[in-house]
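Student: only the shape, not the letters, is given here:
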């Protein structure tokens, strides 16, 4: 494989970014998956330091003020998410292929500071399927779902800003395509 590089995975809400990333983490140990910091509360089953670094609003403000975030954004008008610069830079220095699963705002920030990164847009097979996934996961109120769908319309329009598009019609297939775009040979399962 050539020089390890940073791959940024972004896409609309409920497209399955977390599901694809988890599949990659579980099946492709050669990929280093960045863990984001967030001010939102953990969902059932999420562990601090594994799924996210759960921090207070004050702690997040401190990280931003100290320039410790590679990117960060307010998502769905409420919670903040961001990537700790030091963890990504350390992984790349160790020769690892790094995958960042982030939102569109964050991807745009990374593009400004690291335009050489590989930017991959994860798209749903259809709008109806994306709505079904969002409603089906049952983690948001109807009002939150509506807000996320409004955001998703804007996010879908940004697909042309990315180097590649992967359709998430099947998690295993989408993950294999993504790691292939990272320069890693996908495994036959």
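Tutor: Yep, that arrived. Just so it is clear, the model here is predicted, and its values are computed rather than measured. Numbers count the residues shown, from 1 in each chain.

Student: any low-confidence regions in the protein?
Tutor: Counting by pLDDT under 70, the chain shows low-confidence ranges at 1-4, 76, 187-189.

Student: show me the residue at the heart of it, geometrically.
Tutor: residue 101 (1.7 Å; C-alpha atoms, centre = their mean).

Student: show me what contacts that residue?
Tutor: By C-beta atoms under 8 Å, 6 or more residues apart in numbering, residue 101 lies in contact with 9, 10, 17, 18, 20, 21, 33, 34, 36. C-beta here means a position set from N, CA and C on the backbone, and glycine is covered the same way.

Student: with adjacent residues omitted, what lies nearest to the second one?
Tutor: Nearest residue to residue 10 in three dimensions, chain neighbours excluded: residue 107, at 4.1 Å (C-beta to C-beta, 6 or more residues apart in numbering).

Student: isn't that neighbour right next to residue 7, touching?
Tutor: No: judged on C-beta atoms under 8 Å, residue 107 makes no contact with residue 7 at a distance of 10.8 Å.

Student: shared neighbours, those two?
Tutor: Shared contacts of residue 107 and residue 7 (C-beta under 8 Å, 6+ apart): residue 119.

Student: which among the contacts of residue 101 count as buried?
Tutor: By neighbour count, with 16 or more other C-beta atoms under 10 Å, these hold 9, 10, 17, 20, 21, 33, 34, 36 as buried.

Student: list the buried residues of the helix ranked longest in the chain.
Tutor: Determined from DSSP state H, the single longest helix within the chain is helix 142-156. Neighbour-count burial for helix 142-156 flags 145, 147, 148, 149, 151, 152, 155, 156 (criterion: 16+ other C-beta under 10 Å).

Student: outside of that helix, which residues touch it?
Tutor: For helix 142-156, the surrounding residues in contact (C-beta under 8 Å, 6+ apart) are 10-14, 76-77, 103-104, 123, 130-131, 134-135, 140.

Student: for this protein, what spans make up the strands?
Tutor: In the chain, the strands defined using DSSP state E lie at 6-10, 31-33, 37-38, 53-54, 69-75, 79-84, 97-101, 118-123, 164-167.

Student: so can I have JSON lines of those showing distance to residue 63?
Tutor: Shown next, in JSON lines, are the strands of the chain (distance: least, C-beta to C-beta, whole Å):
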{"stretch": "strand 6-10", "distance to residue 63": "19"}
{"stretch": "strand 31-33", "distance to residue 63": "20"}
{"stretch": "strand 37-38", "distance to residue 63": "7"}
{"stretch": "strand 53-54", "distance to residue 63": "10"}
{"stretch": "strand 69-75", "distance to residue 63": "5"}
{"stretch": "strand 79-84", "distance to residue 63": "7"}
{"stretch": "strand 97-101", "distance to residue 63": "16"}
{"stretch": "strand 118-123", "distance to residue 63": "24"}
{"stretch": "strand 164-167", "distance to residue 63": "30"}
